[in-house]
Structures are given as structure tokens and as C-alpha cells.
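>>> Sequence and predicted structure are below.
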Amino acid sequence: MTVAELLKGIQVVSTVGNTNIEVGNFTSDSRTVSDGDTFIAVKGVHVDGHAYIDKAISQGAKCVILEQMPNELVQGVTYIQLSNTLASVGLLASALHGDPSKTMKVVGVTGTNGKTTIATLLYKVFKESGHKVGLLSTVCNYIDDEVIPATHTTPDPIELQALLYKMKQAGCEYVFMEVSSHAADQCRIAGIDFDGAVFTNLTRDHLDYHKTVDNYIAAKKKFFDSLKSEAFALVNDDDKKGRVMLQNCKASHYFYALKNPADFKGKVLELHPDSTEIEVNGLELSLQLVGGFNVYNALAVFGAATLLGMPKEEAARVLSMMRPVDGRFQVIHSARKAYTAVVDYAHTPDALVNVLTTINNLCKGSGRVICVVGAGGDRDAGKRPIMAKEAVAKSDILILTSDNPRSEDPNEIIRQMKEGLTEDDMSKTLCITDRKEAIRTACMMAQKGDFILVAGKGHETYQEVKGVKNHFDDREVIKDFMKVEK
Ligand SMILES: CC(=O)N[C@H]1[C@@H](OP(=O)(O)OP(=O)(O)OC[C@H]2O[C@@H](n3ccc(=O)[nH]c3=O)[C@H](O)[C@@H]2O)O[C@H](CO)[C@@H](O)[C@@H]1O[C@H](C)C(=O)N[C@@H](C)C(=O)N[C@H](CCC(=O)O)C(=O)O
Ligand SMILES: Nc1ncnc2c1ncn2[C@@H]1O[C@H](COP(=O)(O)OP(=O)(O)OP(=O)(O)O)[C@@H](O)[C@H]1O
Ligand SMILES: N[C@H](CCC[C@H](N)C(=O)O)C(=O)O
Ligand SMILES: [Mg+2]
């Protein structure tokens, strides 16, 4: 494709040089430029890509897309000036691949908690129902059956469009993807023709990045504002922010709820340790998912599946076959000591409350709740004391430990978590920085009927310390300990 063809439909401010040259590899990272490539300079969170234009040209870039023309232009290089390069990367990457999202049904899921669960269940439901499907999620990406490791919840626009292209080539009819607030804010989803959007809930997270809750809401809302009128917008009407998402949304509005009247109205009939009986729009079904929060996730999946045309009986049939998503309320039983360990990805105050409420319901009368939890480094520090406060309120024993410390001192993160605790709370709290030791201590303390929650890392198979990812898997640590316990 030539640069001129790539720019069809894009508003250009000015052009210098020949646009009838091949695009080559299209990249926003000078470090990946080689001879004949097109480099787009983007203002990032940390640096301005315009500072790397010379480097990109010295490495062979023949076309540079930018916001400000440099004072001195290099002979033989084509310069394209756009008013907003960040917002254009996705549009250009989509055009480069022949707009793959236009020929597939694409549904985005956003909200603080539940995105991975809903997107993954939708992928599995449509696979089970005989379709070719793509998935983009925190845990991993799928091009139908092919697994592609995920580095982000929502990949950068160039990688994202390349993945959508591969999905189209593989014959995928549907794509389910998580839309993180970072992705919406950074226009990673520009150029995607969405057929539907799902909103789960909004509670505190990521204020390190968004600074205020209003900015965080605005990022999620930006996704709903961008939907076309033929799309559907399906929101949780029991969440205060559900209707806020719909304020300027042209798509058809639909609601799911347990409390409020809704298009997809659910009712919890019975909660069991390994299943939940529910009713959705008059249909009874047995979920192999545990906890009230998963009933919301199931309603969202049922709603989106039927809005995409799946008969409701089929949606209910396949939904009842679904197993829990990797690292989300993953239950491990100790055969010898008869306690239960639950590994869960709860890494926000709200997720901790939900998962601990579920565990307390299951544990009633049978034993104690022991909670092992930390908080990630280089992420929202304000949530740390709140997480500890919520955790201690719903646990008999709290063990504060490390999550992914990243560049921070893990003991300092634990100290900040402790700020949320009173002296009384401290009497049932232990601080064990080494996560393996913290989990082992919980297993050692557990007695018959007790529940251990190991929260925060779910499916993760690493622990990131000072830029290095060391192998670490909560489930492995628990199972290894269970093998040797007496
Ligand atoms: C804070 C954040 O979100 N940063 C993302 C952002 O990078 P950035 O804006 O910091 O980039 P930058 O370093 O300022 O560089 C600006 C530009 O200069 C270019 N550059 C830079 C250096 C150089 O030598 N040459 C060069 O060309 C860069 O390629 C870039 O185009 O844009 C990049 C490309 O899309 C992302 O990879 C990067 O994600 C970082 C690695 C990250 O950790 N992000 C996390 C927080 C994130 O996005 N998480 C959400 C999930 C959150 C949730 O749980 O909901 C996700 O979707 O994964
Ligand atoms: N609908 C829900 N409401 C509240 N909490 C939930 C819900 N679904 C899941 N959770 C809790 O949040 C945790 C994370 O769930 P999930 O991975 O599906 O969310 P996510 O939105 O994809 O998170 P991330 O932003 O990290 O990608 C779960 O392990 C569980 O503790
Ligand atoms: N998507 C979330 C995941 C947090 C998981 C937790 N284990 C941590 O490392 O903080 C984030 O990047 O903030
Ligand atoms: Mg996720």
C-alpha cells in the first residue's frame, strides 16, 4: 500500500514530499524502524515521539507522520502533518489492514471489574455454539484456537489491528475484547467498528494514571460516546455509573440488573460452593460459577449473546456449561486438612469486598476466613489502605504481603496498606513480605472448614520485582504446600 492510499479518508494538515511511496512497516516506536518504514510520532505519557524523528530517519524511515513539522526537513523523506497523531494511529493501522473489524461482529467490554470474565465467557459461549471467534483479554489473546500471549489488557493500536486482521484471515465471525480505561484514553481502540459495548461497573482504580474519578469515568464514557447507532450498548443498571455511560451514546440502550427492572433481569435462586442457580428472563439455569458478582457477569454474557442473535435457550444452554475463567475464584481443596483455598484476581477494594462476601457466605458456620493480599507497585497508591481496610473487615486473619512490587519497595507498600488498619485490626493481621512464605503461613494456620483467599494475582505466572519477572504462581505454591502438609 502507498502512503497516498493509506491516507484516504484521513484529514491531513499538510504534506511535504512524495506520497506515492510504499508505507513499509508502520510503527510508532523508533526502536523498531528499518529501511523504507513509516514512523508516526506520538505524544506519550512519558516522552514525545517527535523527539525520535531524527533517530527514525537515521534508521531508514522514508515517511514520517507528525503533528509539528521540524524546522529542517531531510531530503527524500515524506512528511505528513496531522492535527492529532495519537488519535490517528488506530485509524491508519486499520486502513493498512483493510479495516478488518468492519467484516466481523466486534464487542468491547469495559468497567473496573469483570471485563476478562465477560469477554472470555462470550468467547467460550460462541465457540461452544459452533462459531469461529477471537478474544483479546488480560489473560491471553485467541485467534479462534490459536493462543497469542497478551502483554496488555487492550493492546496498542498497531498490534491490535494486526491481531484483528489475523482473526479476519482465520475466518472469525465474532471478536470479544476488553477495553481498558488506559486504552480508551490513549485512543488504542480508534478505527475499530464496534457492534456492541458492555459496561460492568465502576469503582476506584487506576487513579495513579487518571488522577480523578471524573477523568476515569470520562475515559470509559469516551468508548460509549464513539459507538455507531446500529450498535448495542448494554449496561449494568444496578451500578450508579451505568446510565452515565449512555448519556451521549447513539447506540441502542439495553440494561441488565438483579435489583432494578431490566431487559435482562436476573434473580439468584441458590448460591452453592461450586455452582449458582439463577433465573434470567424466566429461564432457570445452573451456573458453574460462584458468587453474586459472577451472576452479573452471566447476565451480561446472556444479554450480549442474545443481542448478537443467539436464541435465548441456546445462550442459557451454553452458559450453564461454562467453567470459571483462569485465576478467577479458582478453588483448590486440601484433601488432608479439609480446608479450601481460593485464588482470585481481586486487586481493587470493590473486587476484594465481593469475593470476600462470597467466601463468608460459603464459610458460614464451617470455619474462619484467612486472607492473603498485597497491592501492586507503580499503580494507584490510594487504593492500598482501602484494600487492607476492606479485607480485614471480612477476614478472621489478614496476611499482608507483596503483589508485583515493580520498582517500589514492597515493605513501603505494606506500610501504606497498614495505614487503613486500626489497632484492633492489627491484632488479627500479619505482615509477611515474601509472598510464598505468606501463602505457606496461611496454609499452615488453616484448619478443617477454613477458607483461604489468595488475592490479587489470579492467573499471573510471574512476580515483577525491579523490572525482572520471576516465575511465581499462587496456585503452584498452594498445591506444592498441600502435597507436604500433615
Ligand atoms: C502508562 C501507559 O499506559 N503507557 C502506555 C503508552 O506508553 P507511553 O505513552 O508511556 O509511551 P512513551 O514512553 O511516553 O512514548 C511515547 C511514544 O514515543 C515512542 N518512543 C519512545 C522511546 C523511543 O526511544 N522511541 C520512540 O519512538 C513510543 O513508542 C511512543 O509511541 O502507550 C504504549 C503503547 O500503546 C503502551 O505500551 C504503554 O503501556 C505501558 C507499558 C503500561 O504498562 N500500561 C498499563 C498501565 C496499561 O495500559 N494497562 C491497561 C490495563 C489497566 C486495567 O487493568 O484496566 C491495559 O490495557 O493493559
Ligand atoms: N462483575 C463483577 N463485579 C465486581 N467484581 C468482580 C466482577 N467480576 C469479577 N470481579 C472481581 O474482580 C476480579 C477481576 O475480574 P476480571 O479479571 O474479570 O476483571 P477485569 O475487569 O478484567 O480486571 P483488569 O482490569 O485487571 O483486567 C475477579 O477476580 C473478582 O474478584
Ligand atoms: N491490570 C491491572 C492488573 C493488576 C494486577 C495486580 N497483580 C498488580 O500487579 O497490581 C493493572 O495493571 O493495574
Ligand atoms: Mg481484564
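Thanks, I have the structure now. Ligands and ions are numbered 1, 2, ... in the order given.
>>> When you work out contacts or count neighbours from here on, use the C-alpha atoms and nothing else.
Will do.
>>> what sits opposite Phe176 in the beta ladder?
When bridges are taken as DSSP bridges, the partners of Phe176 come out as Val107, Leu135.
>>> Tell me who's in contact with it.
When contacts are counted by Cα atoms under 8 Å, 6 or more residues apart in numbering, Phe176 touches 106-109, 119-120, 122-123, 133-136.
>>> Spatially, which residue comes closest to Gly467, not counting chain neighbours?
Arg406 (6.1 Å; Cα to Cα, 6 or more residues apart in numbering).
>>> my guess is that neighbour contacts Val465, does it?
Yes - counting by Cα atoms under 8 Å, Arg406 touches Val465, with 4.6 Å between them.
>>> coming back round to it: ok, the residue nearest to Gly467 - how many residues close by?
Other residues lying near Arg406 total 18 when counted by other Cα atoms under 10 Å.
>>> May I have the phi/psi pair for it?
For Arg406, the backbone dihedrals are phi 50, psi -130 (criterion: degrees, to the nearest 10).
>>> Distance check, it against Ser252.
With distances taken as Cα to Cα, to the nearest Å, Arg406 is found 42 Å from Ser252.
>>> got the residues of the chain near ligand 1?
28-31, 42-49, 52, 152-154, 156, 180-183 (Cα under 6 Å from any ligand atom).
>>> Helix or strand: which one has the residue of the stretch 251-400 of the chain found nearest ligand 3?
Closest to ligand 3 within the stretch 251-400 of the chain is Gly376: 3.3 Å, counting by Cα to the nearest ligand atom. Mapping Gly376 onto the secondary structure by DSSP states H and E places it in no helix or strand at all.
>>> Contacts only, for it.
For Gly376, the contacting residues are 402-406, taking Cα under 8 Å, 6+ apart as the criterion.
>>> Distance check, it against Glu464.
When Cα to Cα is applied, the distance between Gly376 and Glu464 equals 9 Å.
>>> How about Ala119?
Counting by Cα to Cα, the gap between Ala119 and Glu464 amounts to 26 Å.
>>> okay, those two: which has more neighbours?
The neighbour count for Ala119 versus Glu464, taken as other Cα under 10 Å, is higher for Ala119 (29 against 17).
>>> On the three-state scheme, the more buried one is what?
Using DSSP: H, G, I helix; E, B strand; the rest coil, the three-state assignment for Ala119 comes out as helix.
>>> try Ile278
For Ile278, the reduced secondary structure class is strand; criterion used: three-state DSSP.
>>> Show me what the worst-scoring helix or strand of the chain on mean pLDDT is packed against.
The helix or strand with the lowest mean pLDDT-type score in the chain, counting by mean pLDDT, DSSP states H and E, is helix 207-210 (a mean of 85). Judged by 3 or more Cα pairs under 8 Å, 6 or more residues apart in numbering; DSSP states H and E, the packing partners of helix 207-210 are helix 213-225.
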